[in-house]
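Novice: Next comes the sequence, and after it the predicted model I'd like to discuss.
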Amino acid sequence: MKKFVFIFGPQAVGKMSVGQELAKETGLKLFHNHMTIDLLEPLFGFSTEMWKLTHLFRREIFKSFSKSDSYGMIFTKIWYFDKKEDWDEIENMCQIVASEGADIYFVELEAKVEERLIRNKSTHRLEHKPTKRNIKQSEQHLLGTMESSRLNSKKDEIKNKNYIRIDNTDLSPEKVAQLIKQNFQL
């Protein structure tokens, strides 16, 4: 049975790093959200057109993946819980991969803001995410969205049967990947 692991949480919580480790541990393919953002941003900036194409590329990738003979995929992104369009995007993504029989697993990460601010500047993050290299802007966005948006779920808000929430403030990406692998028997 094909596996689809959706890792979400606020900026610099460790979604990509955990996804990289989980991919090593399981053989699942990692598709982190900046793979499309960093492809399109140099061409279009953070414009409506860039976001339109980002969503289009992701939908097409999910469709192709769903029909492939791949064991599975890990996808990472921020989930804006206070925006209906984000709920709709997640629902659409899940429908696409479930339509071909994939099992869906939700992994929510949370960490203290002090730790996220440190991770925001890490060489590993900056190496893999070119649009985060303007640290001042990235930090302002991280702090600003804490006030303007809700980036973690409320208790019992996630209804998916395969769901785990992990506070990874003091955990390595390797440890979090092991917890996910064990919890979902991947």
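Specialist: Yep, that arrived. Numbering: from 1, shown residues only.
Novice: Every contact and neighbour count from this point should use C-alpha atoms.
Specialist: Will do.
Novice: Please enumerate the helices of this structure.
Specialist: For the chain, the helices defined by DSSP state H cover 15-26, 34-44, 48-67, 84-98, 113-119, 123-128, 135-148, 173-184.
Novice: Keeping just the C-alphas, turn the first one into CSV.
Specialist: Going back to what we said before, that points to helix 15-26. Coordinates of each C-alpha in helix 15-26 appear next as CSV, following Å, rounded to 0.1, in the frame of the first residue of the first chain:
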residue,chain,number,x,y,z
LYS,A,15,9.6,20.0,8.7
MET,A,16,12.1,19.6,5.9
SER,A,17,14.9,18.2,8.2
VAL,A,18,12.5,15.7,9.7
GLY,A,19,11.3,14.8,6.2
GLN,A,20,14.9,14.3,5.0
GLU,A,21,15.6,11.9,7.9
LEU,A,22,12.3,10.1,7.5
ALA,A,23,13.1,9.6,3.8
LYS,A,24,16.4,8.0,4.7
GLU,A,25,14.7,5.7,7.3
THR,A,26,11.8,4.6,5.1
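Novice: Run through the neighbouring helices and strands of that helix.
Specialist: Under the contact definition 3 or more C-alpha pairs under 8 Å, 6 or more residues apart in numbering; DSSP states H and E, helix 15-26 sits against strand 3-8, strand 29-32, strand 72-77, helix 173-184.
Novice: ok, back up a step: so of the helices of the chain, which one's packed in deepest?
Specialist: helix 15-26 (a mean of 21; mean count of other C-alpha atoms under 10 Å).
Novice: could you give the mean pLDDT of that one?
Specialist: For helix 15-26, mean pLDDT is 97.
Novice: can you list contacts of it?
Specialist: Helix 15-26 is contacted by residues 7-9, 28-30, 32, 74-77, 109, 173-174, 176-178, 180-181, 186 when judged by C-alpha atoms under 8 Å, 6 or more residues apart in numbering.
Novice: Could you find the closest non-adjacent residue to T36?
Specialist: Residue nearest to T36 in three dimensions, not counting chain neighbours: T54, with 5.7 Å by C-alpha to C-alpha, 6 or more residues apart in numbering.
Novice: Identify the residues contacting that neighbour.
Specialist: T54 makes contact with T36, I37, L40, according to C-alpha under 8 Å, 6+ apart.
Novice: Could you check how far the residue most central in space within the chain is from K136?
Specialist: The chain has T76 as the residue nearest its centroid, 1.7 Å off, counting by C-alpha atoms, centre = their mean. T76 is 23 Å from K136, where distance means C-alpha to C-alpha, to the nearest Å.
Novice: next one: the longest strand along the chain to chain centre, how far?
Specialist: Taking DSSP state E as the assignment, the strand of the chain that covers the most residues is strand 103-110. Distance, stretch centre to chain centre, for strand 103-110: 9 Å (C-alpha atoms, centre = their mean, to the nearest Å).
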